[in-house]
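Chemist: sequence plus the predicted model coming up.
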Amino acid sequence: MAHAEYKKWLEPDNLTKLRSWARDGLTNEQIAKKIGIKRQTFQRWLSTYSDMSDALKKGKEIVDAEIEDSLISIMKKHTVTTTQYKMVKKDAFNLKAERSKFANIYKLDHPNATKEEVGIAVAEHVDVYEKIPISKTVTEVDPNASAIIFWLKNRRPDIYRDQTFQKLNEANARKTLAEAQLSEAQLKALEENDDPSNKTIIVDDIREIDSNGSSKTEPGD
């Protein structure tokens, strides 16, 4: 497509796609080719639409490194800065210049657009108000104990194993061994009970037991 519709590439799914392409190592020229536009057009998009440029910037950064840096930062005592803003109407001269710049870029990307369409696009994408910081609050934050435990258990599992699970496993092992020993003793007792040679014979006189272990009976008894 000669002139891709920029709005399509401001949608969340397509911003994710741009971020993914950048993370895969594609250059801006290669991304422009995938979209179906010239590199110069894509560069104008990036300079005009901050969402696109931010998507590419994020994609080109190493995500894992960002996460690790964040984890390390909260494991240490650190400060958090909170900024409050207020919305202020832009200076009339600056607003006019910003609208004019956007309109010119839009016309380059949409040569067949009517004056009304250009005006609508300008109204949609050039804000009348801007954020002005009015105050900053710096808060000191203690180290995050959960993050420290997570880091140590994964980085040094040989030292910082979860003692609760270790003790539970040891207890289960002892219980299993005791049950096995008990079952073995019960089985042995049953086997001995079934053996005739192990049966007890009760007699009144020990002389009544012959050499074979059986009871003798006197004639006439």
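Modeler: Nice, I can see it.

Chemist: alpha carbons only for contacts and neighbour counts from here, please
Modeler: Fine.

Chemist: quick one, helices of this structure?
Modeler: Remark: helices assigned in the chain by DSSP state H are 12-23, 28-35, 39-48, 50-60, 63-74, 92-109, 115-125, 145-155, 163-194.

Chemist: ranking those helices by mean pLDDT, which is last?
Modeler: Lowest mean pLDDT within the helices of the chain: helix 163-194, a mean of 68.

Chemist: what's the neighbour count on Val80?
Modeler: As a burial measure, Val80 scores 10 neighbours (other Cα atoms under 10 Å).

Chemist: before we move on, what about the one 10 residues further on?
Modeler: For Lys90, the count of nearby residues is 14 (other Cα under 10 Å).

Chemist: and the spatially closest residue to it that is not a sequence neighbour, bridged to which residues?
Modeler: Of all residues not flanking Lys90 in the chain, Tyr129 sits nearest, at 5.4 Å (Cα to Cα, 6 or more residues apart in numbering). Listed beta-bridge partners, Tyr129: Lys89 (assigned using DSSP bridges).

Chemist: geometric centre of the protein: which residue is closest?
Modeler: Against the mean C-alpha coordinate of the chain, by Cα atoms, centre = their mean, the closest residue is Ile67 at 10.1 Å.

Chemist: separation between that residue and Lys76?
Modeler: Distance from Ile67 to Lys76, counting by Cα to Cα, to the nearest Å: 15 Å.

Chemist: how about Lys115?
Modeler: 56 Å.

Chemist: who's more crowded, these two?
Modeler: Neighbours per residue (other Cα under 10 Å) separate Lys115 from Lys76, with Lys76 holding more: 15 against 11.

Chemist: hang on, the more buried one packs against Pro143?
Modeler: Yes: checked against Cα atoms under 8 Å, the pair Lys76 and Pro143 is within contact range at 4.7 Å.

Chemist: how many residues are close by the residue lying closest to Met52 once chain neighbours are set aside?
Modeler: Leaving aside its sequence neighbours, Met52 sits nearest to Leu46 (Cα to Cα, 6+ apart; 5.8 Å). Using other Cα under 10 Å, Leu46 is surrounded by 17 other residues.

Chemist: could you do the one 3 residues further on as well?
Modeler: Tyr49: 16 surrounding residues under other Cα under 10 Å.

Chemist: quick check on it: phi, psi?
Modeler: phi -110, psi 110 (degrees, to the nearest 10).
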